[in-house]
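[1] Okay, predicted coordinates and the sequence, questions at the end:
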Amino acid sequence: MDRVILHCDLNCFYASVELLSHPDLRDFPMAVCGDPSSRHGIILAKNEPAKRFGVQTAETIWQAKKKCPDLVLLPPHHDLYRAYSKKVNAIYDEYTDLVEPFGIDESWLDVTHTLHLFGGDARALADALRQRMKEELGLTLSVGVSFNKVFAKLGSDYKKPDATTVISRENWQNIVWPLPVGDLLYVGGAARKLLKQYGVTTIGQLAACKPDTLELLMGKMGSQLYEYANGLDRDPVRSRYDAEPVRSVGNGTTFPQNLTTRQEVQAGIAVLADSVATRLRHLGMYAGGVQVTVRDPQFHDRSRQRQLPAPTHLIRDLTSAATELTEQLWKPPAPIRALTVTAIHLSQAGETYEQVDLFTAPAAPKKEKQEKLEAAMDRIRGKYGAGSIVFGAAQPKKEEDPLP
């Protein structure tokens, strides 16, 4: 029996919630944005009138204002968005216990075994959900209905706002294959550019590729995208109450001012690595690798990752690896707007091992000392607060390193 999966996507969520308090702005172009003075001045969400001017999410405020000089800007209220998200998911819970959020404003619902309780018609159920959202919460919803998660999401994106799209066994090739390949789940900018070099610009062209060729070009992701394009996605809808396995632990920040010296960058890395290492220890996990992402003032991101010689959750090890990776991506005085440090290839305590070099002195005593030091830091922070003690590498030096 085919599954029946809905993907429910709240339209212009942040903006729609704000308009509940500002109904007078409903017919005017408006957007929710970050604070320009703190360098988070980008568009977070926009309403339909702003969309018609070409205003896009994640573009800078000045770009949006250039397109739409009369754009009304409102500050975000994230607590309010979380509260509405909970209300929305509570409605979904009335139809199935398999509700998997995909961000704050999207969720998958598997109604395969409950649909008969609501009339047995998936399209009618989707329409009923849309009506409830409007009547009870004042929000609009786009719903995709299909036999797997990937096509259900394509359906919710296919027609907006406030629409239902059914992608069935009978029509999926006609609807899905002509779509741009970038519409497919997890096909980002880099993957789209790579595929375009080989003449693949639509999902149908991706589906026609040989899976071995895609795997050669893109690794495991290539095989996964081949399955997605051919309707072979079997990923289950997971209840949000089920614990999701932790695959990575990261922390990133946008700096108040661009970083241009090694001293500034090393201090920034140390603070981020400290946060990541602390979270790893709280989770009882170790990192087998580290990834660093560097963002410049033009919002261009570059990333590198590397395997670690031994799994670790120590600040010193993560800082050292992240610093080496950053040196590969950046040369001073090129400005850095934002940095992200991510622990990858995670393993639980007790699953780790370390390859021993027979020709060098063992590092166990030194590592054990560092373990005790950082465990003591965790206890102090737990008692006196996160800022009560800082790892030495994260403290700024008095003298500025000269630029080369």
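    Here it is on my side, so go on. Just so we're clear, the structure is a prediction, and the values are computed from it rather than from any experiment.
[2] Break down the stretch 101-250 of the chain into its helices, ranges please.
    122-132, 149-158, 172-176, 189-197, 203-208, 211-218, 220-229 (DSSP state H, counting those that start in this stretch).
[3] Now the third one: buried residues?
    When you say that, I think you mean helix 172-176. Going by neighbour count (16 or more other Cβ atoms under 10 Å), the buried part of helix 172-176 is 172, 175-176. (C-beta placed from N, C-alpha, C; glycine too.)
[4] and the nearest residue to residue 59 once chain neighbours are set aside, which of the three is it?
    Leaving aside its sequence neighbours, residue 59 sits nearest to residue 43 (Cβ to Cβ, 6 or more residues apart in numbering; 5.5 Å). What DSSP: H, G, I helix; E, B strand; the rest coil gives for residue 43 is strand.
[5] Just list whatever residues bridge to residue 43.
    Beta-bridge partners for residue 43, by DSSP bridges, are residue 33.
[6] Tell me the pLDDT of it.
    Residue 43 is assigned 91 on the pLDDT scale.
[7] show me what contacts the closest residue to residue 258 other than its chain neighbours?
    Leaving aside its sequence neighbours, residue 258 sits nearest to residue 335 (Cβ to Cβ, 6+ apart; 3.6 Å). Neighbour list for residue 335: 258-260, 296-297 [criterion: Cβ atoms under 8 Å, 6 or more residues apart in numbering].
[8] which of those tops the neighbour count?
    Counting neighbours by other Cβ atoms under 10 Å, the top entry in the contacts of residue 335 is residue 259, with 23 neighbours.
[9] Okay, and the beta partners of that residue?
    Beta bridges link residue 259 to residue 336 when assigned by DSSP bridges.
[10] related to what we said a few turns ago, just the helices of the stretch 101-250 of the chain: most buried one?
    Of all the helices of the stretch 101-250 of the chain, helix 149-158 has the most neighbours on average by mean count of other Cβ atoms under 10 Å, namely a mean of 24.
[11] got the angle between that helix and helix 122-132?
    Helix 149-158 runs at 50 degrees relative to helix 122-132, counting by axes from the mean of the first three to the mean of the last three Cα atoms, to 10 degrees.
[12] Quick one: residues in contact with helix 149-158.
    Residues outside helix 149-158 that contact it (Cβ under 8 Å, 6+ apart) are 5-9, 102, 106, 108, 142-146, 165-167, 172, 175-176, 179, 183-185, 228, 231, 233, 235, 237.
[13] Filter these down to the buried ones and express that as a PyMOL selection.
    With 16+ other Cβ under 10 Å as the burial test, the buried ones among those are selected in PyMOL as follows:
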select buried, resi 5+6+7+8+9+106+108+142+143+144+145+146+165+166+167+172+175+176+179+184+185+228+231+233+237
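[14] Among the contacts of helix 149-158, name the ones in strands.
    The members of those that map onto strands under DSSP state E are 5-9, 106, 108, 142-146, 165-166.
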